[in-house]
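S.K.: return a 3D structure for these sequence lines:
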Amino acid sequence: MSETPHLSGPFRVGDRVQLTGPKGRLHTITLREDGELHTHNGVLKHSLLVGEPDGSVVTNSSGHEYLALRPLLRDFVMSMPRGAAIVYPKDAAQILSAADIFPGATVVEAGVGSGALSLWLLRAIGPAGRLVSFERREEFADVARANVETFLGATPATWDVVVGDLVESLPNAVEPGTVDRVVLDMLAPWECIDVAADALTPGGVVLCYVATATQLSRVAEYIRATGLFTDPDASETMVRGWHVEGLAVRPDHRMIAHTGFLLTARRLAPGAVPPEVKRRASKSSYGDEDVELWTPGAVGDREITDKNLRKRVREAQKAADGVRQRQDPASPSADSSSATP
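M.R.: Numbering: from 1, shown residues only. Now for the predicted structure:
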C-alpha cells in the first residue's frame, strides 16, 4: 500500500496525523498498518484512524479521547527538525505575496535553511514550476531535503538543491534572464544582487529577507546603486492573536512581533532608466536623505526666534515667581526685580 501522505479525504496509511489528547497535549504520528501510539494514558492503535474522516475523535485503550487532524503546513514547519532557523509562517505568507510567487514560476532560493520556505514555495509554483534552492552547508541541505520529503512523501521533481555558493553556482544552474523570482534569505544578500540581476527576467522580483535594520539599509542602498532595479520597498509583519470567549474579547498578552524585514525590487529591462523620483532637498551638510527625515523641521519642531525665546523665559520666570509668592508672601516678586532686557 502506498505511504505517500494525502492532504485531504479519509486517513490512509502514510498520512501524518496530529492528535490532541488529554489536557491539550499534541502528538504527531505517521500512520502505519500495525502502528501504535503509546503514552502514559494508554495505547492508541493506528488502525482506528485508517478510513476515518479528517477531524474525527477516537478513543484509546484507557478510554481517553483524541482529536485527529492532518497537520497544516504551518503546524509542520513549526515542529519539524531544524538545521537552521526557519522562516516563520507569517513571513512565508508575506514572501509569497510580496514576491508574487505564481504557478509555473521559476524561482531561485538561497539559502535553504531547514526547508520551511522551500515547502511554501513548492506549493505555490505547482507541478509546472521549478525551484532551485542553494545552501552552502551540506548538513543544512540534508535536513531540508528530509523535511520536504517527510511532508510531501517524496522529493518533488520540481525541486533542485545545490550545495554551494550562490554567486559561483547560479550561472551554471540557470540560463541568464530566465528566472522569475529570486528569494535571498542570508546574512549578506547584497553580495548576490549582481548575479541575481543577471538571472532574472525583466520585470522579475528579487526579495531579501533580513533580520536587522543595518542589513536592510545596506542591501537597499546596494540595489539602488546598481541601477538595475526599481526603487526597493521594505516592510515587516507583526501578528497579534486575540482571545475570544463570549464577551471576554481582548488581545493576547503575547504576540509574534519582529522576526525579519522583507525588501523587494523589480528587475528593469536592459538599458532602461526609471523616471527620477523627486525628493525634498536635504538640509544636511552630508547630503544624506535619512538625516533629513530626523531634522527638527521634518518632525514638526518649529524654529524659535531670539525675541520669542526671551518672551518665553520671562513667562517661565513669572510663573515661578507666582508659585514662590503663594508659598511665601514675603518673598520678592518678579515685579520688584530688574526685568529681563
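S.K.: tell me how many other residues crowd Thr21.
M.R.: Slight slip there: residue 21 is Gly, not Thr. Gly21: 18 surrounding residues under other CB atoms under 10 Å. (Glycine included, C-beta is placed from N, CA and C.)
S.K.: for Thr59, same thing?
M.R.: Using other CB under 10 Å, Thr59 is surrounded by 12 other residues.
S.K.: which residues touch it?
M.R.: When contacts are counted by CB atoms under 8 Å, 6 or more residues apart in numbering, Thr59 touches 48, 65-66.
S.K.: which of those has the most neighbours?
M.R.: Counting neighbours by other CB under 10 Å, the top entry in those is Tyr66, with 23 neighbours.
S.K.: thinking that one is in contact with Lys23, fair?
M.R.: No - taking contacts as CB atoms under 8 Å, Tyr66 lies outside contact range of Lys23: 11.8 Å.
S.K.: once you drop chain neighbours, what's closest to Gly83?
M.R.: Spatial nearest neighbour of Gly83, chain neighbours left out: Val143 (3.5 Å); criterion: CB to CB, 6 or more residues apart in numbering.
S.K.: quick one: secondary structure of the one you found?
M.R.: State at Val143, reduced to three classes by DSSP: H, G, I helix; E, B strand; the rest coil: helix.
S.K.: hang on, isn't it packed against Arg82?
M.R.: Yes - contact criterion CB under 8 Å: Val143 and Arg82 qualify, at 7.1 Å.
S.K.: report the secondary structure state of Tyr209.
M.R.: Assignment for Tyr209 (three-state DSSP): strand.
S.K.: mind listing what it touches?
M.R.: Applying CB under 8 Å, 6+ apart to Tyr209 gives the contacts 87, 91, 95, 183-185, 260-262.
S.K.: got it, and Ser8?
M.R.: Listed by CB under 8 Å, 6+ apart, the contact partners of Ser8 are 54, 70.
S.K.: okay, and it sits in which element?
M.R.: Under the criterion DSSP states H and E, no helix or strand holds Ser8.
S.K.: ok, it to Pro53 distance?
M.R.: 10 Å (CB to CB, to the nearest Å).
S.K.: how about the CA coordinates for stretch 245-263, as PDB?
M.R.: These are the backbone C-alpha positions of stretch 245-263, laid out as PDB (Å, rounded to 0.1, in the frame of the first residue of the first chain):
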ATOM      1  CA  GLU A 245     -14.700  33.800  24.500                       C
ATOM      2  CA  GLY A 246     -18.200  35.100  25.000                       C
ATOM      3  CA  LEU A 247     -17.800  38.800  25.900                       C
ATOM      4  CA  ALA A 248     -14.200  38.300  27.000                       C
ATOM      5  CA  VAL A 249     -12.700  39.600  23.900                       C
ATOM      6  CA  ARG A 250      -9.100  41.000  24.200                       C
ATOM      7  CA  PRO A 251      -5.800  40.900  22.500                       C
ATOM      8  CA  ASP A 252      -3.400  38.100  23.700                       C
ATOM      9  CA  HIS A 253      -0.700  39.100  26.100                       C
ATOM     10  CA  ARG A 254       2.000  37.800  23.800                       C
ATOM     11  CA  MET A 255       2.400  38.400  20.100                       C
ATOM     12  CA  ILE A 256       4.700  37.400  17.200                       C
ATOM     13  CA  ALA A 257       6.500  40.700  16.700                       C
ATOM     14  CA  HIS A 258       9.700  41.300  14.700                       C
ATOM     15  CA  THR A 259      11.200  38.300  13.000                       C
ATOM     16  CA  GLY A 260      12.600  39.900   9.900                       C
ATOM     17  CA  PHE A 261      12.300  42.600   7.200                       C
ATOM     18  CA  LEU A 262      11.200  42.000   3.700                       C
ATOM     19  CA  LEU A 263      12.700  44.100   0.900                       C
END
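S.K.: report the buried residues of it.
M.R.: Going by neighbour count (16 or more other CB atoms under 10 Å), the buried part of stretch 245-263 is 259-263.
S.K.: kindly report the same for stretch 45-63.
M.R.: Going by neighbour count (16+ other CB under 10 Å), the buried part of stretch 45-63 is 46, 48-50, 56, 58, 60.
S.K.: show me which of these is closest to Asp233.
M.R.: Distance to Asp233 across these (CB to CB) is lowest for Ser56, with 45.3 Å.
S.K.: residues contacting that closest one?
M.R.: The contact partners of Ser56, taken as CB under 8 Å, 6+ apart, are 11, 49, 67-68.
S.K.: what does Asp160 give?
M.R.: Asp160 is in contact with 130-133, 173, counting by CB under 8 Å, 6+ apart.
S.K.: mind putting these into a markdown table with distance to Leu31?
M.R.: Converted to a markdown table, the contacts of Asp160 look like this (distance: CB to CB, whole Å):
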| residue | distance to Leu31 |
| --- | --- |
| Arg130 | 31 |
| Leu131 | 28 |
| Val132 | 33 |
| Ser133 | 29 |
| Ala173 | 37 |
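S.K.: ok, of those, which come out buried?
M.R.: Neighbour counting over the contacts of Asp160 (16+ other CB under 10 Å) leaves 130-133 as the buried ones.
S.K.: what's the average pLDDT for stretch 146-153?
M.R.: Mean pLDDT, stretch 146-153: 91.
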